[in-house]
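Engineer: Structure for the following, please:
(2 chains)
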Amino acid sequence: MQDAESRLQTIQSMLNAGQRSVHLERHTLLIWGITGGLLCAFSDPVLSMVESTNLRALAVLLWLSFWLGSAALLDHTLTRRARQLREETLPFAQAQIGRAWRLLFGLGILGTEATFFYGGGLMVYPLWLVLLGLGIFLFGLFSRALIEWIGICTVLLGITALAAGLPIGGMRWLAASCFAIGLPLAGTLSLRTDGKALAMRHAALAVWLAAVLLAAVLMTSMTRLGARPPESRPVAIGAFHPEPGAQLLLLPAGTVAHIRLDLQSPLLAASPQASLPVTLRQPIVLSTRDGQPDGGYQLSGQTWHQLSEGLLDLRINAIRVALLGQTAELQVHAIFHAANPTLSLP
Amino acid sequence: MTTPLPQFDPLLHQPLRTQIAAFLAARGEATFSELKQALEATDGNLDSHMTKFIDAGYVKTRKQAAATGRAQTVFSLTPAGRKALAAYIAQLHALVALSEAAPATPKRLKPV
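Structural biologist: Numbering: from 1, shown residues only, chains lettered A, B, ... in the order given. Model (predicted):
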């Protein structure tokens, strides 16, 4: 009877070996890691040169499809060749997961594209992190347990970055780090700790997390240091004379600024003079280059930020039409959100 | 009363062949090199077992081009092979259940 039990155990272990036969090639991790990392790091700076929203949406679609499609094709070709050289077949599970992986990346491209038309641009990097994490987790289910854990950690990093309100610059470098450092490192660590004690694999997970986070923090800090405005004295707007080079401009509390409406609609046309006056509740310092604001700003008691960090966002919650005598009024309820509320809508 | 012991499939009731069948059942298909690596078997030993499986109709083969230029053989279980493996596993389970249900050996009573 013991023989029957031991035979069942042998069958079970061979079934596991057959099912857990998915093997991520080293070149797969490098190709997807480097492509994803470079896309996260440089897509925004390259594509922001396209000014029209519709053209930029098209440029993003072509840019992401080209690079990720090329990565998929190169990975498929190299994997096939490597397997043939080793006289191995591609397990059925791996072929299916490969399809799911490409589907996740396709969804990522569509999700990024959708933010141009439905908003939510701040979610782009967390979305890619969650999709990357799901892809890694899928591979891990049929490969090694450490890959599974790294997949879960990547999903959690994406969710935490969004929930914690990380600036978009930080999110960008976190996503770049998860791709370019996280993917190749996951492969190396899982090979080195294969069959080792649980504590060893936990330590490998800690090493992975530390490497990914440290790289993201370092890159975010370096970018901020590079973009730091000159240590000159801010000049009040009344006394400001534009000069070549960098200057700091002070807008004191109570300054009235105008939000110019640039409405894109087949139904409504905004007058070119239409503007919304807003009053500053706190002083704000703007950095300028050659007499024009360059997107850097500092609120009182805070460090310098960039408009592109996404700390300021305007959300339209409700639109209502009201009749006032012979005219109709479009009442828009919007929330201007900032890390430190400075502007007040009248 | 005695319970008849199940008649095991002689082809599958051999340790290495059981492992080959289980591995192929889970993986779908595998080359000779992959089987050799997974089972840590020698070429001759594995070849003789695979021949027995193919002759019995439990395993089928197909040829695929290899990078070296020569064609390589890919093995997979046939429906008959899968059915036989499932039946063999069911027999093993029945045997284990039988042993668990059997009454414990009675203790020898001390003479009064």
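
Engineer: contacts and neighbour counts: CA atoms only from here.
Structural biologist: Will do.

Engineer: Surely residue A:275 touches residue A:261?
Structural biologist: Yes. Residue A:275 is within contact range of residue A:261, at 5.6 Å (criterion: C-alpha atoms under 8 Å).

Engineer: first to last residue in stretch A:113-132, what's the distance?
Structural biologist: Terminal residues of stretch A:113-132 are spaced 17 Å apart (C-alpha to C-alpha, to the nearest Å).

Engineer: Give the buried residues for it.
Structural biologist: A:113, A:116, A:121-132 (16 or more other C-alpha atoms under 10 Å in any protein chain shown).

Engineer: Please tabulate those residues in TSV, including the columns distance to chain B and secondary structure.
Structural biologist: Compiled in TSV, these are given as follows (distance: C-alpha to the nearest C-alpha, whole Å; DSSP: H, G, I helix; E, B strand; the rest coil):
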residue	distance to chain B	secondary structure
A:113	38	helix
A:116	43	helix
A:121	42	helix
A:122	42	helix
A:123	39	helix
A:124	37	helix
A:125	36	helix
A:126	35	helix
A:127	33	helix
A:128	31	helix
A:129	30	helix
A:130	29	helix
A:131	27	helix
A:132	25	helix
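
Engineer: In a markdown table, list these along with pLDDT.
Structural biologist: Output for the buried residues of stretch A:113-132, formatted as a markdown table (pLDDT from 0 to 100):
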| residue | pLDDT |
| --- | --- |
| A:113 | 85 |
| A:116 | 78 |
| A:121 | 75 |
| A:122 | 77 |
| A:123 | 83 |
| A:124 | 87 |
| A:125 | 90 |
| A:126 | 91 |
| A:127 | 91 |
| A:128 | 92 |
| A:129 | 94 |
| A:130 | 93 |
| A:131 | 93 |
| A:132 | 94 |
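
Engineer: Up against chain A, what does chain B have?
Structural biologist: Chain B has residues B:15, B:18-19, B:22-31, B:33-34, B:38, B:65-68, B:72, B:74, B:89, B:92-93, B:95-96, B:99 near chain A, with proximity defined as C-alpha under 8 Å from any C-alpha of the partner chain.

Engineer: List only buried entries from the residues you listed.
Structural biologist: B:18-19, B:22-31, B:33-34, B:38, B:66-67, B:72, B:74, B:89, B:92, B:95-96.

Engineer: shaky segments in chain A?
Structural biologist: A:1-2, A:118-119, A:226-230, A:308-313, A:315, A:317, A:337-346 (pLDDT under 70).

Engineer: Quick check: closest non-adjacent residue to the residue most central in space within chain B.
Structural biologist: For chain B, the residue sitting closest to the mean C-alpha position, by C-alpha atoms, centre = their mean, is residue B:18 at 1.9 Å. Spatially, and ignoring its direct neighbours in sequence, residue B:18 is nearest to residue B:12 (5.2 Å; C-alpha to C-alpha, 6 or more residues apart in numbering or on different chains).

Engineer: part of a strand, is that neighbour?
Structural biologist: No. With DSSP: H, G, I helix; E, B strand; the rest coil as the criterion, residue B:12 is coil rather than part of a strand.

Engineer: Tell me how many other residues surround it.
Structural biologist: 21 (other C-alpha atoms under 10 Å in any protein chain shown).

Engineer: now it: how far from chain A?
Structural biologist: Going from residue B:12 to chain A by C-alpha to the nearest C-alpha, to the nearest Å gives 11 Å.

Engineer: Low-confidence stretches in chain B?
Structural biologist: Short version for chain B, where the test is pLDDT under 70: B:1-6, B:66-69, B:102-112.

Engineer: Helices along that one, start to end?
Structural biologist: For chain B, the helices defined by DSSP state H cover B:15-27, B:32-39, B:43-56, B:79-101.

Engineer: So for residue A:56, which of those sits nearest?
Structural biologist: helix B:15-27 (45.3 Å; C-alpha to C-alpha).

Engineer: How are the strands of chain A distributed by residue range?
Structural biologist: Using DSSP state E, the strands of chain A run over residues A:235-236, A:246-251, A:256-260, A:275-280, A:284-289, A:292-299, A:304-306, A:313-324, A:327-337, A:343-344.

Engineer: and the first one, what does it pack onto?
Structural biologist: Packed against strand A:235-236 by the contact rule (3 or more C-alpha pairs under 8 Å, 6 or more residues apart in numbering or on different chains; DSSP states H and E) you find strand A:246-251.

Engineer: report the angle between the axes of the strand it packs on and strand A:284-289?
Structural biologist: 150 degrees (axes from the mean of the first three to the mean of the last three C-alpha atoms, to 10 degrees).

Engineer: on that earlier part again, which of the strands of chain A sits most buried?
Structural biologist: Mean neighbours per residue, mean count of other C-alpha atoms under 10 Å in any protein chain shown, is largest over the strands of chain A for strand A:246-251, with a mean of 22.

Engineer: wouldn't residue A:112 be in contact with residue A:120 here?
Structural biologist: No. Contact criterion C-alpha under 8 Å: residue A:112 and residue A:120 do not qualify, at 9.2 Å.

Engineer: intersection of neighbour lists for the two?
Structural biologist: Common contacts of residue A:112 and residue A:120 (C-alpha atoms under 8 Å, 6 or more residues apart in numbering or on different chains): none found.

Engineer: Point out the residues in the stretch 1-150 of chain A that sit beside chain B.
Structural biologist: A:1, A:4-5, A:7-8, A:10-12, A:14-19, A:21, A:81, A:84-85, A:87-89, A:91-93.

Engineer: Name the nearest residue to residue A:158, ignoring sequence neighbours.
Structural biologist: residue A:126 (4.3 Å).

Engineer: Assess the claim that that neighbour and residue A:161 are in contact.
Structural biologist: Yes. The pair residue A:126 / residue A:161 is scored as a contact, 6.8 Å apart, by C-alpha under 8 Å.

Engineer: list the contacts for residue B:88?
Structural biologist: With C-alpha under 8 Å, 6+ apart, residue B:88 has these contacts: B:8-9, B:12.

Engineer: of those, closest to residue A:188?
Structural biologist: For the contacts of residue B:88, the nearest to residue A:188 is residue B:12 (38.3 Å; C-alpha to C-alpha).

Engineer: And the closest one, how close does it get to residue B:20?
Structural biologist: Where residue B:20 is concerned, residue B:12 sits at a distance of 9 Å (C-alpha to C-alpha).

Engineer: Ok, residue A:123 next?
Structural biologist: 48 Å.

Engineer: And for residue A:292?
Structural biologist: Residue A:292 is 73 Å from residue B:20, by C-alpha to C-alpha.

Engineer: So what pairs up with residue A:316 in the strands?
Structural biologist: In this structure, residue A:316 bridges to residue A:334 when assessed by DSSP bridges.

Engineer: wouldn't it be in contact with residue A:331 here?
Structural biologist: No. Counting by C-alpha under 8 Å, residue A:316 stays clear of residue A:331, with 10.7 Å between them.
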